[in-house]
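Colleague: coordinates only, sequence not included:
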């Protein structure tokens with residue numbers, strides 16, 4: 001988890017997220033650096049824009065399902081709700097990669 005936090009910190013500071021920088025931040029925080037973990041985090045973040053991921057995560061809204069009986073909703077609305085739920089799950093699974 002400390003490597004994810006280090007990556008977020010480096011990105012927020014406008015610095016490159018690479019193995020050396022990650023290990024330096026982890027070491028400065030009082031943890032023993034692990035080159036394999038640092039490499040895994042860097043590889044998993046390759047090609048991703050951390051700021052966009054955070055922005056998308058903040059805009060996700062998780063609403064409780066309506067209390068109306070299932071038979072009351074038309075089929076079209078059910079399909080749209082299922083599509084929206086799937087989109088939210090896909091976005092959340094993309095974030096899960098950050099937390100290995």
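Modeller: Received it, and whenever you're ready, just let me know what you need. None of these values were measured; they are calculated from a predicted model.

Colleague: What is the neighbour count of residue 2?
Modeller: Neighbour count for residue 2, taken as other CB atoms under 10 Å: 16. C-beta coordinates here come from the backbone N, C-alpha and C atoms, glycine included.

Colleague: per-residue pLDDT, it?
Modeller: On the pLDDT scale, residue 2 is placed at 93.

Colleague: who's in contact with it?
Modeller: 26, 29, 31 (CB atoms under 8 Å, 6 or more residues apart in numbering).

Colleague: how close does it get to residue 13?
Modeller: Applying CB to CB, to the nearest Å, the value for residue 2 to residue 13 is 16 Å.

Colleague: Run through the helices of the protein in chain order.
Modeller: Listed in chain order, the helices found in the chain under DSSP state H are 2-12, 19-28, 35-45, 50-59, 75-96.

Colleague: Those helices: lowest mean pLDDT?
Modeller: Looking at the helices of the chain, the bottom one is helix 75-96 with a mean of 69.

Colleague: about what we covered before: which ChimeraX command selects the buried ones in the contacts of residue 2?
Modeller: Buried residues within the contacts of residue 2, by 16 or more other CB atoms under 10 Å, are selected in ChimeraX with:
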select :26
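
Colleague: what would the contacts of residue 2 look like in JSON lines with distance to residue 79?
Modeller: Shown next, in JSON lines, are the contacts of residue 2 (distance: CB to CB, whole Å):
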{"residue": "26", "distance to residue 79": "46"}
{"residue": "29", "distance to residue 79": "47"}
{"residue": "31", "distance to residue 79": "48"}
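
Colleague: Since that was my last question, I'll sign off now.
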